[in-house]
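> Below: sequence and its predicted model.
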Amino acid sequence: MRGSSVAVVGGGIMGVTLAYHLSRQGFNVTVYERGDNLGGLASYMLYEGARLDRFYHTILSSDLSMQRLIEESGVKDRLHFTATKQGFYDNGQIYPFNTPVDFLLFPPLNLFQRFRLGLQVIYAQFESRWEKMDEIPVEDWLVKVSGRGVYNKVWKPLLRAKFDSTSENVPATYIWSRLRRMMGTREGVTSTEMMCYLENGYYTLIEALARRCEAQGVAFHLRAPIEEIVIENGRVAGVRVGGVVEPYDAVISTLASPILANLLPEAPTGFRAMLAKQQYLGVLCPLLILKKQLLPYYVLNITDESIPFTAVVETTNLIDPQHVKGYHLVYLPKYLAPDNEMANWPDEQVKTEWMKHFRRMFPAFNEADIVDFIVQRARYVEPIRPMGTRDEIPPIKTPVERLYMGNTVMIYPELGNGEAVTRFAAKVAEQVIEDAPAWEVKQAV
Ligand SMILES: Cc1cc2nc3c(=O)[nH]c(=O)nc-3n(C[C@H](O)[C@H](O)[C@H](O)COP(=O)(O)OP(=O)(O)OC[C@H]3O[C@@H](n4cnc5c(N)ncnc54)[C@H](O)[C@@H]3O)c2cc1C
């Protein structure tokens with residue numbers, strides 16, 4: 001493959017993993033990233049010199065592709081496993097939700113409802129046909145197995161948390177996938193939940209992987225937004241960046257589909273339209289920096305619909321606080337439907353609204369222990385795939401010759417997470433490696 005030049009557009013975990021696989025095979029790879037750093041959604045912010053994940057990120061004990069990359073990047077010694085706990089906030093009360101005993105005693109549900117909820121979790125482990133799940137509306141599947149009472153009490157608020165107002169038209173795959181992924185973290189008869197974190201966040205992997213890439217000849221360009229993917233006679237000719245066209249044998253986009261659509265004025269209209277109509281949830285994710293621990297849980301799920309944020313994620317119950325200057329980090333996320341006007345709220349408005357509810361939930365928490373409140377947000381986070389649109393998942397090999405793509409829309413029915421993204425990046429790389437010999441033949445002709 002030596003001599004074949006490939007531009008990777010986007011320096012998130014997908015882009016960096018792709019660069020790693022392709023450069024190992026001798027491709028000349030250049031990565032273009034719009035932002036100041038690599039990492040995209042898995043990037044960091046600096047706080048008093050410490051690197052903090054912009055968004056909470058955990059690696060599950062079952063995330064083997066991620067763990068392999070961590071090992072190959074030489075940062076395995078910075079990966080730590082911790083037993084974590086979760087809870088539920090319901091009707092002003094906090095309940096643990098970890099062991100089979102917690103489950104059997106879970107007060108918001110009666111005994112029969114708890115049994116049906118357990119049945120749903122077990123059902124998801126035994127059902128392996130995602131195509132079947134894709135044809136069932138999520139509400140129908142959950143009500144059928146768990147019953148209406150459990151749906152209203154547990155599933156409906158969780159769906160609201162993840163999908164905002166768009167949950168009605170999504171297929172059962174979304175909860176099915178999540179249940180299967182989460183059960184992969186449970187170990188032993190006590191069902192202890194094991195998760196991992198990297199010291200100084202996910203970016204530790206991205207940085208180490210990028211170094212490996214550089215040693216393999218990859219060039220990274222930061223603050224380099226691609227303005228156009230240039231197509232000539234139905235084939236990719238290169239990328240336009242800073243007003244200049246840089247020629248490449250092939251281009252791989254890792255961008256969210258609607259962003260890619262805007263960079264392809266010369267692509268077939270039908271393909272561009274398919275990319276442009278893909279919808280994504282955004283996220284509004286304030287981070288509270290505290291002097292003291294708030295809760296013993298990594299995540300507290302919230303069933304109270306009057307609270308704007310949908311979970312309390314205290315990452316320092318996973319991460320050792322000594323890795324983040326001794327602070328305690330609490331993320332208060334809210335996923336946003338494309339039309340949710342909260343996306344336009346200024347940070348101050350978010351703070352006022354969020355803190356009003358935080359104080360109501362935790363009346364005993366001492367205000368003097370709050371150090372900071374930092375709002376993070378992102379527009380393209382989780383793709384929404386409504387029922388019956390499976391055919392609209394774009395292919396790795398696009399209709400434009402030598403233009404390839406890989407993004408979280410395409411990893412369906414898996415969910416957007418580092419494990420699925422890095423596995424998919426390997427798949428995209430395989431396709432490029434398979435096709436490249438034909439490029440050389442054509443060039444020789
Ligand atoms: C709140 C939250 C919590 C999460 N929690 C977890 C978790 O616990 N575990 C887990 O595994 N995953 C988690 N994820 C998901 C994970 O962050 C994503 O799946 C992953 O980062 C997606 O990587 P990507 O490379 O596909 O996309 P992105 O990270 O979106 O990367 C795309 C990149 O393209 C760049 N770009 C855009 N336009 C251009 C352009 N014109 N030119 C050049 N570059 C451009 C962007 O700046 C960005 O860096 C979480 C995400 C969020 C938001």
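That came in fine, so what should we check first? Numbering: from 1, shown residues only.
> Just checking the longest helix belonging to the chain against the ligand, any contact.
If each helix of the chain is counted by residues according to DSSP state H, the longest one is helix 418-444. Yes: applying Cβ under 6 Å from any ligand atom, one finds helix 418-444 touching the ligand at 418-419, 421. Glycine gets a C-beta too; all of them are placed from N, C-alpha and C.
> Including pLDDT and neighbour count, could the residues you listed go into a markdown table?
Listed next are these as a markdown table, based on pLDDT from 0 to 100; neighbours: other Cβ atoms under 10 Å:
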| residue | pLDDT | neighbour count |
| --- | --- | --- |
| Gly418 | 95 | 24 |
| Glu419 | 94 | 21 |
| Val421 | 97 | 27 |
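> Quick check: residues of this protein near the ligand?
Contact residues, the chain versus the ligand (Cβ under 6 Å from any ligand atom): 9-15, 32-35, 40-42, 55-58, 225-226, 254-255, 259, 283, 285, 333, 378, 381, 407-408, 416-419, 421.
> cutoff 5 Å now
Counting by Cβ under 5 Å from any ligand atom, the residues of the chain close to the ligand are 10, 12-14, 32-35, 40-42, 55, 57-58, 225-226, 255, 283, 381, 416-418, 421.
> Filter these down to the ones in helices?
Among those, the residues falling in helices (DSSP H) are 13-14, 418, 421.
> now, which of these sits nearest Met182?
Met182 lies nearest to Gly418 out of those, by Cβ to Cβ, at 15.1 Å.
> nearest residue to that closest one other than its sequence neighbours?
Spatially, and ignoring its direct neighbours in sequence, Gly418 is nearest to Met66 (5.1 Å; Cβ to Cβ, 6 or more residues apart in numbering).
> Taking the stretch 51-200 of the chain, what residue is nearest to the ligand?
Using Cβ to the nearest ligand atom, Phe55 is the residue of the stretch 51-200 of the chain that sits closest to the ligand, at 3.5 Å.
> Burial check on that residue, number of neighbours?
22 (other Cβ atoms under 10 Å).
> contacting residues for the closest residue to it other than its chain neighbours?
Of all residues beyond its chain neighbours, the one nearest Phe55 is Cys285 (5.5 Å), with distances taken as Cβ to Cβ, 6+ apart. Listed by Cβ atoms under 8 Å, 6 or more residues apart in numbering, the contact set of Cys285 reads 54-56, 331-334, 375-378.
> Out of those, which comes closest to the ligand?
Phe55 (3.5 Å).
> check contacts around that closest one.
41-42, 283, 285, 331, 333, 376, 378.
> thought Ile206 was touching Gly35?
No: at 11.9 Å, Ile206 does not count as touching Gly35 under the criterion of Cβ atoms under 8 Å.
> got a pLDDT number for Thr192?
Listed pLDDT for Thr192 reads 65.
> quick one: Asp369 from Lys85, how far?
Asp369 sits 21 Å away from Lys85, going by Cβ to Cβ, to the nearest Å.
> out of these two, which sits in the more crowded spot?
Taking other Cβ under 10 Å, Asp369 and Lys85 do not tie; Lys85 has more neighbours (19 against 14).
> Which pLDDT does the model give Pro137?
92.
> residues near it, how many?
Pro137 has 16 neighbours, counted by other Cβ under 10 Å.
> ok, now how distant is the closest residue in space to it that isn't next to it in sequence from Ile393?
Spatially, and ignoring its direct neighbours in sequence, Pro137 is nearest to Met387 (6.1 Å; Cβ to Cβ, 6+ apart). Separation of Met387 from Ile393 (Cβ to Cβ) stands at 14 Å.
> Downstream of the helix or strand of the chain with the lowest mean pLDDT, the next helix or strand is which one?
Counting by mean pLDDT, DSSP states H and E, the chain has its least confident helix or strand at strand 186-187, which shows a mean of 58. Downstream of strand 186-187, the first helix or strand assigned by DSSP states H and E is strand 192-198.
> Would you mark the buried spots in that following strand?
Neighbour counts over strand 192-198 (16 or more other Cβ atoms under 10 Å) mark 193-198 as buried.
> who does it touch, helix- and strand-wise?
For strand 192-198, the packing partners by 3 or more Cβ pairs under 8 Å, 6 or more residues apart in numbering; DSSP states H and E come out as strand 59-60, strand 79-84, strand 186-187.
> Report the mean confidence score over the next helix or strand after it.
Going down the chain from strand 192-198, the next helix or strand is helix 203-215, by DSSP H and E. Here helix 203-215 scores 97 as its mean pLDDT.
> now the angle from helix 203-215 to strand 192-198?
50 degrees (axes from the mean of the first three to the mean of the last three Cα atoms, to 10 degrees).
> Can you tell me which of the residues of helix 418-444 next to the ligand lies closest to the ligand?
Gly418 (3.3 Å).
> Just the strands from the stretch 101-250 of the chain, written as ranges.
186-187, 192-198, 219-221, 226-232, 235-241, 244-247, 250-253 (DSSP state E, counting those that start in this stretch).
> Which one, of those strands, ends up nearest to Arg160?
Between the strands of the stretch 101-250 of the chain, strand 192-198 lies closest to Arg160; by Cβ to Cβ that is 23.0 Å.
> Between strand 79-84 and that closest one, find me the angle.
150 degrees.
> and strand 192-198, C-alpha only, in PDB?
Listed next in PDB are the C-alpha coordinates belonging to strand 192-198 (Å, rounded to 0.1, in the frame of the first residue of the first chain):
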ATOM      1  CA  THR A 192     -20.800  -6.400  41.000                       C
ATOM      2  CA  GLU A 193     -20.600  -3.800  38.200                       C
ATOM      3  CA  MET A 194     -17.000  -3.300  37.000                       C
ATOM      4  CA  MET A 195     -15.900  -0.300  35.000                       C
ATOM      5  CA  CYS A 196     -12.600   1.100  34.000                       C
ATOM      6  CA  TYR A 197     -11.100   4.600  33.600                       C
ATOM      7  CA  LEU A 198      -8.000   6.000  32.100                       C
END
